[in-house]
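[1] fold the following and give me the result.
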Amino acid sequence: MSESKDARAERLKAALRENLRRRKAQGRGRAETGSSPDADRSGPDERDSGGPDSDKSGL
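    As a prediction, this is how the structure comes out:
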């Protein structure tokens with residue numbers, strides 16, 4: 001039983017190491033392009049103010 005726990009721990013360790021490598025490479029790639037993670041997200045679209053819920057009178 002101890003051997004299976006050791007094998008699982010080794011697999012988890014390897015997976016975590018690989019994940020860390022992948023995330024570091026991804027971070028380096030983002031730093032090279034100069035874009036921030038929030039640059040892709042846009043706020044509310046101001047042009048979409050004519051919808052059915054656009055009554056701004058507060059009534």
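
[2] so for residue 31, what's the pLDDT?
    Model confidence at residue 31, given as pLDDT, is 89.

[3] run a quick neighbour tally on it.
    10 (other CB atoms under 10 Å). Just so you know, the C-beta spots here come from the backbone N, C-alpha and C atoms, and that holds for glycine as well.

[4] show me what the helix or strand harbouring it is packed against.
    Using DSSP states H and E, residue 31 falls within helix 2-33. On a contact count with 3 or more CB pairs under 8 Å, 6 or more residues apart in numbering; DSSP states H and E, helix 2-33 meets no helix or strand.

[5] could I get the buried residue list for it?
    The neighbour-count check on helix 2-33 (16 or more other CB atoms under 10 Å) flags nothing as buried.

[6] residue ranges with poor pLDDT in this structure?
    1, 35-59 (pLDDT under 70).

[7] how much space between residue 28 and residue 14?
    Separation of residue 28 from residue 14 (CB to CB, to the nearest Å): 21 Å.

[8] with residue 8 instead?
    11 Å.

[9] for residue 33, same thing?
    Residue 33 is 29 Å from residue 14, by CB to CB.

[10] same question for residue 6.
    13 Å.

[11] any residues in contact with both of these two?
    Common contact partners of residue 6 and residue 14 (CB atoms under 8 Å, 6 or more residues apart in numbering): none.

[12] put the alpha carbons of stretch 7-20 into PDB.
    The C-alpha coordinates for stretch 7-20 follow below in PDB (Å, rounded to 0.1, in the frame of the first residue of the first chain):
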ATOM      1  CA  ALA A   7       3.900   6.200  -6.900                       C
ATOM      2  CA  ARG A   8       1.000   8.500  -6.600                       C
ATOM      3  CA  ALA A   9       3.000  11.200  -4.900                       C
ATOM      4  CA  GLU A  10       5.700  10.900  -7.600                       C
ATOM      5  CA  ARG A  11       3.100  11.300 -10.300                       C
ATOM      6  CA  LEU A  12       1.600  14.300  -8.600                       C
ATOM      7  CA  LYS A  13       5.000  15.900  -8.100                       C
ATOM      8  CA  ALA A  14       5.800  15.400 -11.800                       C
ATOM      9  CA  ALA A  15       2.400  16.900 -12.800                       C
ATOM     10  CA  LEU A  16       2.900  19.900 -10.600                       C
ATOM     11  CA  ARG A  17       6.400  20.500 -12.000                       C
ATOM     12  CA  GLU A  18       5.100  20.300 -15.500                       C
ATOM     13  CA  ASN A  19       2.200  22.600 -14.700                       C
ATOM     14  CA  LEU A  20       4.700  25.100 -13.200                       C
END
